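Enquirer: Here's my sequence, what's the structure:
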Amino acid sequence: MKTLLDTNILVHAHNQSSPNQNTASDILRDAINSRLDAYITPQILYEFFSVITNSRRVDKPLDSNEALGICKDLWVSPAIKAIEPQSSTTLAVFDLARNHGIAGARIFDYAIAVTAKEHGIERIFTENTKDFAAFGFLKVVNPLR
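Expert: The predicted structure follows:
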């Protein structure tokens with residue numbers, strides 16, 4: 001099943017102080033070894049970089065060069081497929097946001113979800129299940145439980 005890896009899965013996999021590091025690392029290893037049909041978006045990598053290099057978000061932040069190296073490796077990985085928003089994504093996100101009456105930073109999750117839908121992604125691995133529950137086209141799974 002096509003599975004989008006949300007930001008928090010990547011953060012836990014690379015955050016040595018996370019209690020979920022082993023589980024998240026196993027997921028990432030499965031993706032790298034093609035045992036999981038995994039996908040990422042540019043936004044997920046931008047969010048990952050923002051969180052993993054921020055000492056207010058993680059106990060042991062990575063230095064920028066290390067985090068950039070991880071982002072680049074993930075983006076060009078032959079096993080983890082990189083997908084990008086299509087030209088229709090922006091308007092679809094705004095229409096969906098209007099229909100659901102959302103505001104603030106939630107728009108970013110809508111962009112991720114619409115990008116996934118446009119690429120036929122059926123499932124997302126995330127610990128933020130509530131953030132993606134509104135999307136009937138996306139099976140939301142928290143593999144860190």
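Enquirer: Okay, strands next: where are they in the chain?
Expert: For the chain, strands defined by DSSP state E occupy the ranges 3-5, 38-40, 81-82, 123-125, 139-141.
Enquirer: Output those as TSV; include the columns mean neighbour count.
Expert: Every residue, glycine included, has its C-beta placed from N, CA and C. Converted to TSV, those look like this (neighbours: other CB atoms under 10 Å):
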stretch	mean neighbour count
strand 3-5	24
strand 38-40	23
strand 81-82	14
strand 123-125	21
strand 139-141	16
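Enquirer: Any idea which of the ones you listed gets closest to Glu47?
Expert: Of all those, it is strand 38-40 that lies closest to Glu47, at 10.5 Å by CB to CB.
Enquirer: What about the nearest residue to Leu10 once chain neighbours are set aside, how many residues nearby?
Expert: Distances taken as CB to CB, 6 or more residues apart in numbering place Phe48 nearest to Leu10, at 4.5 Å, with adjacent residues excluded. By the criterion of other CB atoms under 10 Å, Phe48 has 25 neighbours.
Enquirer: what about Phe48, distance to Ile9?
Expert: Going from Phe48 to Ile9 by CB to CB, to the nearest Å gives 9 Å.
Enquirer: Tally up the residues packed near Asp59, please.
Expert: Neighbours of Asp59 (other CB under 10 Å): 9.
Enquirer: ok, now which ones touch the nearest residue to it once chain neighbours are set aside?
Expert: Nearest residue to Asp59, sequence neighbours excluded (CB to CB, 6+ apart): Ser17, at 4.0 Å. Ser17 makes contacts with Val58, Asp59, Lys60, as judged by CB atoms under 8 Å, 6 or more residues apart in numbering.
Enquirer: pLDDT score assigned to Ser17?
Expert: Here the pLDDT value assigned to Ser17 is 92.
Enquirer: and what of Arg145?
Expert: Arg145 is given a pLDDT of 89.
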